[in-house]
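**Student:** Test case, fold it:
(3 chains)
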Amino acid sequence: MTTPGLPLWVTVPGTLLLVAGGLLAMIGALGLVRLRDFPSRMHAPTIGTTLGSGCVLVTSMLVSSAMLGRPVAHELLITLFVVVTAPITAMLLMRAAVYRDAIRKRSRR
Amino acid sequence: MKKPSSSPPPVLTTALAASWLLLNQTLALGQIAFAALLALALARTTSALRPLRPRLRRMRTVPGLLLMVLTDITRSSFNVARIVLGLVGNRPVHAGFLDIPLELRDPHGLAALATIITATPGTVWVGLAPDGHSLTLHVLDLRDGIGWIHLIKTRYEQPLIRIFE
Amino acid sequence: MNAIFQGAAWFASLCFALAILLALVRLLRGPAAQDRVLAFDAIYMNGMLTLLMLGIRSGSLVYFGTALLIALFGFVGTVALAKFLLRGEVIEP
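**Tutor:** So this is what the prediction gives:
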């Protein structure tokens, strides 16, 4: 479980990024529990998915580049995929919520 | 149905080839040749699914826009985190829907705008009016509606119009 | 410095695990179906990040493929669920 002798240019930014990413993802999930209505809750996990995963992916790139002694960038694929797909799920969920709320209001009247 | 023969779309083909090389973590000559062939074949076979071709006008604007989006994501992440943790004092936080008049018409530009807005914490894209002249957002901290409209129109819409139209 | 980095990696893993638990609370509590789908979205995203943390801590590349697959299938699952909520059908004729 021990990664032997990572150079300083990995550990210093890596430590900062991991602490920030972990905290951001946790705050995002906390917002999922704490915020009051659904549209507001949509915003909270976005912190984790964009900035949180960004931090972890950059650290992962740094660590594997240092381990293998050559630039490794395949984490960029995950970043790209997450960035491209997150809006689609958010938009569909938001539209579903608006639609379902409208139906519920109509049936209550 | 006869397809009009056309040159392969350069950006899509390059992106497909680059992602193949990234996935295999290689820059070997054979893999590069295979990536190019695969990308060309995929771009050709899926061209029927993409009836519209984007026209990229000013690629110079792209790096600046990306940098701006990155700083905005960082800043609004911390704003949303503060709201979640309740560190805004006694100020009540109103969330609400916001309508924004839109001048951008190009579908690819609109897709890019949706990606930017939804990737930024604090704003979520709800929908486009059927006539395409206005856009509805949900904003977590709706203190200053005019400010949000101004921000989205000048910071994101203008560069996208310059890129896509 | 290496020890501090390992500590930060542990801390981040712990944070993601906690985030999964918090999202699980929302998944079980609801109240609406869209809340549960949103919580599911957050759970798979944090699961993917946990796997990446395993990769960082062990310095191995094998976790990358799994993380990519989780991102892919999680996206497909969320979109299918959201589409179902929107129309009552996933693939419309």
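
**Student:** and C:Met45, what does it touch?
**Tutor:** A:45, A:48-49, A:53, A:82, C:71, C:74 (C-beta atoms under 8 Å, 6 or more residues apart in numbering or on different chains). (Each C-beta comes from the backbone N, C-alpha and C, glycine too.)

**Student:** So for the longest helix belonging to chain C, mean pLDDT?
**Tutor:** If you go by DSSP state H, chain C has its longest helix at helix C:2-29. Average pLDDT, helix C:2-29: 89.

**Student:** how about that helix: buried residues?
**Tutor:** With burial defined by 16 or more other C-beta atoms under 10 Å in any protein chain shown, the residues of helix C:2-29 counted as buried are C:5-6, C:8-9, C:12-13, C:15-20, C:22-24, C:26-27.

**Student:** And for stretch B:89-101?
**Tutor:** B:95, B:98, B:100.

**Student:** Does it reach chain A?
**Tutor:** Yes. Judged by C-beta under 8 Å from any C-beta of the partner chain, stretch B:89-101 and chain A are in contact via B:95, B:97.

**Student:** now that stretch, how far from the chain's geometric center?
**Tutor:** 23 Å (C-alpha atoms, centre = their mean, to the nearest Å).

**Student:** can you check stretch C:20-28 too?
**Tutor:** Counting by C-alpha atoms, centre = their mean, stretch C:20-28 is centred 11 Å from the centre of its parent chain.

**Student:** contacting residues around that stretch?
**Tutor:** By C-beta under 8 Å, 6+ apart, stretch C:20-28 touches A:26, A:29-30, A:32-33, A:41, A:45, C:35-36, C:38-40, C:42-43, C:46-47, C:50.

**Student:** can we see that at 6 Å?
**Tutor:** A:29-30, A:32-33, C:36, C:39, C:42-43, C:46 (C-beta atoms under 6 Å, 6 or more residues apart in numbering or on different chains).

**Student:** Next, format the residues you listed as CSV and append distance to B:Thr118, secondary structure and pLDDT.
**Tutor:** Listed next are these as CSV, based on distance: C-beta to C-beta, whole Å; DSSP: H, G, I helix; E, B strand; the rest coil; pLDDT from 0 to 100:
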residue, distance to B:Thr118, secondary structure, pLDDT
A:Ala29, 18, helix, 89
A:Leu30, 21, helix, 89
A:Leu32, 16, helix, 87
A:Val33, 21, helix, 87
C:Arg36, 20, helix, 90
C:Ala39, 18, helix, 90
C:Ala42, 15, helix, 89
C:Ile43, 19, helix, 91
C:Asn46, 19, helix, 91
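
**Student:** how far does the longest helix of chain C sit from the chain's center?
**Tutor:** 11 Å.

**Student:** Check stretch B:122-139 too.
**Tutor:** 14 Å.

**Student:** for it, which positions count as buried?
**Tutor:** Quick answer for stretch B:122-139 (16+ other C-beta under 10 Å): B:122-126, B:135-139.

**Student:** and the residues you listed, which of them are in strands?
**Tutor:** B:123-126, B:135-139 (DSSP state E).

**Student:** closest to B:Gly145 among the residues you listed?
**Tutor:** Among those, B:Val139 lies closest to B:Gly145 (C-beta to C-beta), at 8.0 Å.

**Student:** beta partners of the closest one?
**Tutor:** Beta-bridge pairing of B:Val139 under DSSP bridges involves B:Gly96, B:Thr123.

**Student:** Per-residue pLDDT of it, please?
**Tutor:** 85.

**Student:** before we move on, back to that, could you redo the contacts of stretch C:20-28 as TSV and give each row neighbour count and distance to chain B?
**Tutor:** Shown next, in TSV, are the contacts of stretch C:20-28 (neighbours: other C-beta atoms under 10 Å in any protein chain shown; distance: C-beta to the nearest C-beta, whole Å):
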residue	neighbour count	distance to chain B
A:Ala29	32	10
A:Leu30	19	6
A:Leu32	27	9
A:Val33	17	9
C:Arg36	17	18
C:Ala39	24	15
C:Ala42	28	13
C:Ile43	22	18
C:Asn46	28	16
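
**Student:** Check the residues you listed and tell me the two furthest apart.
**Tutor:** A:Leu30 and C:Arg36 (17.6 Å).

**Student:** Tell me where chain A has helices.
**Tutor:** Using DSSP H, helices in chain A cover A:8-34, A:38-47, A:53-68, A:75-108.

**Student:** Can you give me the buried ones in the strand or helix carrying C:Val79?
**Tutor:** Using DSSP states H and E, C:Val79 maps to helix C:62-87. The neighbour-count check on helix C:62-87 (16+ other C-beta under 10 Å) flags C:63-64, C:67-68, C:70-71, C:74-75, C:78-79, C:81-83, C:85-86 as buried.

**Student:** With stretch B:17-33 instead?
**Tutor:** Buried-residue list, stretch B:17-33, by 16+ other C-beta under 10 Å: B:17, B:19-22, B:25.

**Student:** Specify the residue ranges that define each domain of chain B.
**Tutor:** B:10-49, B:61-164 (automatic domain parsing).

**Student:** Is B:Arg91 in a helix, a strand, or coil?
**Tutor:** Counting by DSSP: H, G, I helix; E, B strand; the rest coil, the backbone at B:Arg91 sits in coil.

**Student:** pLDDT wise, what is it at?
**Tutor:** 74.

**Student:** Please list the residues of chain A that sit near chain B.
**Tutor:** A:27, A:30-31, A:39-40, A:42-44, A:46-47, A:50-51, A:74, A:77, A:87, A:90-91, A:94 (C-beta under 6 Å from any C-beta of the partner chain).

**Student:** I'd like the average pLDDT over the one helix or strand B:Asp99 maps to.
**Tutor:** Element membership for B:Asp99 (DSSP H and E) is strand B:96-101. Strand B:96-101 shows a mean pLDDT of 84.
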